[in-house]
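S.K.: Coordinates only, no sequence provided:
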């Protein structure tokens, strides 16, 4: 971790991260900026809430209320059935494909069952 001890203010202030309004953090999200006033697109509050106006990348995401750690986003190509675990989140395209496949399977099984019942009824 870096320290400010022994450094001149004139050489370090521009790289210090602060709130854009130069006030303390509160319960309201505040944008963070550098010492020159360049806004970061990242917002923070005293509740630990974090907001990004850009891309947020992660290696792991932990839900503390459920003790679940998410370490993968499952896209359409990855498929939900290939990721049957409690550590991944599916995208809407993955969910759509999965439900479509289940629906087609259900329809196929229903048609075959109906056909078998019809054939058996005709035999009697």
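M.R.: It's in. Small disclaimer: the values here were computed from a predicted structure and weren't measured.
S.K.: strands paired with the longest strand along the chain, and their directions?
M.R.: Identified as the longest strand of the chain according to DSSP state E is strand 39-44. Strand pairing for strand 39-44, determined by DSSP bridges: strand 30-33 (antiparallel), strand 50-52 (antiparallel).
S.K.: Which of those has the highest mean neighbour count?
M.R.: Counting by mean count of other C-beta atoms under 10 Å, strand 30-33 has the highest mean neighbour count of those, with a mean of 18. Yep, even glycine has a C-beta here, placed from its N, CA and C like the rest.
S.K.: Give the pairing partners of the lowest-mean-pLDDT helix or strand in the chain; include direction for each.
M.R.: Per-element confidence for the chain was summarised using mean pLDDT, DSSP states H and E. The lowest value among helices and strands belongs to strand 61-63, with a mean of 82. According to DSSP bridges, strand 61-63 forms sheet pairs with strand 68-70 (antiparallel).
S.K.: Quick check: next helix or strand after the strand it pairs with?
M.R.: strand 72-74 (DSSP states H and E).
S.K.: Can you list the neighbours in contact with that following strand?
M.R.: Outside strand 72-74, the residues that touch it by C-beta atoms under 8 Å, 6 or more residues apart in numbering are 80, 82, 83, 87, 88, 89, 90, 91, 94.
S.K.: try stretch 31-49
M.R.: Outside stretch 31-49, the residues touching it (C-beta under 8 Å, 6+ apart) are 12-20, 25-30, 50-54.
S.K.: low-confidence ranges in the protein?
M.R.: Across the chain, the ranges flagged by pLDDT under 70 are 1-2.
S.K.: Okay, domains of it per the record?
M.R.: The record, using automatic domain parsing to delimit domains, assigns the chain the ranges 1-56, 58-124.
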